[in-house]
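Student: Here is the input, now give the coordinates:
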Amino acid sequence: MGCILALLATVAPRFVIFLLWVFSDRLSVAFSSFILGFLGFLLLPYTTVFYAFAYEPIRGVSGFGWFIVLLGFFIDMSSWFGNAKQGNDYRTRSV
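Tutor: Predicted structure coming up:
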């Protein structure tokens, strides 16, 4: 089940967050408050999913897990700034 969610997270991270919220306690274990998970859902979905997958209940995120979380952050930032670049290209195009 975890591998299917990881593959699905590459396409639809918000859907995976929703599935984790409904069918498991992974998000409540990884995040101490509902607000952090909800803000992650809205603003940084890849980072939120990767953090939830990399989190270990006793140790937290450590070692290679931080690399995975950082990768999710870079994917989120590229989607934010890539979309802004596309919007600028569209507005500067002459009709």
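Student: Tell me how many other residues crowd residue 59.
Tutor: Neighbours of residue 59 under the rule other Cβ atoms under 10 Å: 9. To be clear about C-beta, it is placed using only N, CA and C from the backbone, and glycine gets the same treatment.
Student: how far away is it from residue 66?
Tutor: Separation of residue 59 from residue 66 (Cβ to Cβ, to the nearest Å): 12 Å.
Student: likewise residue 72?
Tutor: From residue 72 to residue 66 the distance is 11 Å (Cβ to Cβ).
Student: Residue 40 now?
Tutor: Counting by Cβ to Cβ, the gap from residue 40 to residue 66 is 16 Å.
Student: Neighbour count: the two, which is higher?
Tutor: More crowded of residue 40 and residue 66, by other Cβ under 10 Å: residue 40, with 24 against 14.
Student: Alpha carbons of the strand or helix carrying the more buried one, as PDB, please.
Tutor: Here residue 40, judged by DSSP states H and E, is contained in helix 34-43. The C-alpha trace of helix 34-43 is given here as PDB (Å, rounded to 0.1, in the frame of the first residue of the first chain):
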ATOM      1  CA  PHE A  34      -3.800  20.000  12.500                       C
ATOM      2  CA  ILE A  35      -2.800  23.400  11.400                       C
ATOM      3  CA  LEU A  36       0.700  22.300  10.300                       C
ATOM      4  CA  GLY A  37      -0.800  19.500   8.200                       C
ATOM      5  CA  PHE A  38      -3.500  21.700   6.700                       C
ATOM      6  CA  LEU A  39      -1.000  24.500   5.800                       C
ATOM      7  CA  GLY A  40       1.200  21.800   4.200                       C
ATOM      8  CA  PHE A  41      -1.800  20.600   2.300                       C
ATOM      9  CA  LEU A  42      -2.500  24.100   0.900                       C
ATOM     10  CA  LEU A  43       1.000  25.500   0.400                       C
END
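Student: Tell me which residues are up against the helix or strand following that helix.
Tutor: Once helix 34-43 ends, the next helix or strand along the chain (criterion: DSSP H and E) is helix 45-54. Here helix 45-54 makes contact (Cβ atoms under 8 Å, 6 or more residues apart in numbering) with 2, 6, 9, 13-14, 16-17, 20, 26-27, 30-31, 37, 40-41, 61, 64-66, 68-69, 71-73, 75-76, 79.
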